[in-house]
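Asker: this is a predicted model, with the sequence first.
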Amino acid sequence: MRLISQDGTFDVPYDQVVIQRYSDGIYWLNKNLIGVESGFSEDFKIASYSSEAKAIKAMEKLRENYKNSTLYKEDFLYFRFPKDEEVQE
């Protein structure tokens, strides 16, 4: 499955990255990184929301999309992080 950022500038393979929510932002990291010592860089932000609750909902949508892709054995799927106004708190 491919992950696409809110603005379409990032297109990354889900099995090659770690997706992490921090406050109201969602970030991607190379899965081989153990941690980020200096905090989260805006360069790796894949989505931004007006509240932490909306960011949590977006992560839930990602998980649901991934679950459905594995359940139905879809070969090629993508998930684009929804815009802030598309997420209900």
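Answerer: Sure, I can see it. Numbers count the residues shown, from 1 in each chain.
Asker: how about the nearest residue to S48, chain neighbours excluded?
Answerer: Of all residues not flanking S48 in the chain, G25 sits nearest, at 5.1 Å (CB to CB, 6 or more residues apart in numbering). Where C-beta positions appear, they are placed from N, C-alpha and C, glycine not excepted.
Asker: so the one you found sits against A55, correct?
Answerer: Yes: when contacts are counted by CB atoms under 8 Å, G25 is listed as touching A55 (6.6 Å).
Asker: now the common contact residues for the two.
Answerer: A47, Y49 (CB atoms under 8 Å, 6 or more residues apart in numbering).
Asker: tell me the buried residues in the helix or strand harbouring Q20?
Answerer: Per DSSP states H and E: Q20 is located in strand 17-22. Residues V17, I19, R21 are the ones in strand 17-22 that count as buried (16 or more other CB atoms under 10 Å).
Asker: nearest to E89 among the residues you listed?
Answerer: Lowest distance from E89 to the buried residues of strand 17-22 (CB to CB) belongs to R21, with 14.7 Å.
Asker: tell me the contacts of the closest one?
Answerer: Y27, A55, I56, A58, M59.
Asker: now what about the helix or strand harbouring the third one, what contacts it?
Answerer: In this structure, I56 is located in helix 52-71 according to DSSP H and E. Residues lying outside helix 52-71 but in contact with it, judged by CB under 8 Å, 6+ apart, are 1, 3, 14, 19, 21, 23-26, 47, 49, 74, 77, 79, 81-82, 84, 87-89.
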